[in-house]
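**Student:** Okay, sequence plus prediction incoming.
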Amino acid sequence: MKSTTAKLNYLKMAPRKVRSVADLVKGMSVNDAEAQLMAQRRRPAKALLKLLRSAVANAKNNKLDPGHLFIESFRVDGGPMLKRMLPRARGSASPIQKKMSNVTLVLGVNEALTAKYTIVVPKKVKSPSGEAKARPSKEKRAAPPKDDGNYFEPKKKQGLFKRMFSPKSRASK
């Protein structure tokens, strides 16, 4: 049975959090897993989606049909840990562990596999001038009428206190 592997090392997220998202898509077809990860709002989903797309690209490069691929295994292991200290009361310190994950994704081929979802990515259309338009243009709004700029009242004279104690009045004496 043919398979493709993709690895993501030193992901700066705790393995426990990444594992919870990876377990959601384990055993699914590639299209279903991609749809599931796109719908997830959790932070590891974005990195796992990028890894999944990379593995599918590897499979296409190895002449495998992406329609028959499924997630054989999604292994999340602990990576190296950055150890830091947080100052506490009376001169003591408490440890902080900044954990990392190493993720390994293995895609297998199943000929009898059918996908529930299909992901359609809209392609950019080039305009006749040669520039690509990513989104439709918004209607231009009419500019507000311009005034002559006399919004403010005329300047009032300063009071006695301001005139007596301003730095300019001292310099002129």
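**Tutor:** Noted; the coordinates are in hand.

**Student:** quick one: the residue most central in space within the chain from Ser29, how far?
**Tutor:** Centroid-nearest residue in the chain: Lys46, 6.3 Å away (criterion: Cα atoms, centre = their mean). Lys46 sits at a distance of 20 Å from Ser29 (criterion: Cβ to Cβ, to the nearest Å). Using the backbone N, CA and C atoms, a C-beta is placed for each residue, glycine as well.

**Student:** Dihedrals phi and psi, Phe161?
**Tutor:** With angles defined as degrees, to the nearest 10, Phe161 sits at phi -60, psi -50.

**Student:** same question, the one 4 residues further on
**Tutor:** Torsion angles at Phe165 (phi, psi; degrees, to the nearest 10) stand at phi -110, psi 10.

**Student:** gap between it and Lys157?
**Tutor:** Plainly put, Phe165 is 15 Å away from Lys157 if you go by Cβ to Cβ.

**Student:** Helices along the protein, start to end?
**Tutor:** For the chain, the helices defined by DSSP state H occupy 15-25, 30-39, 44-61, 160-165, 167-172.
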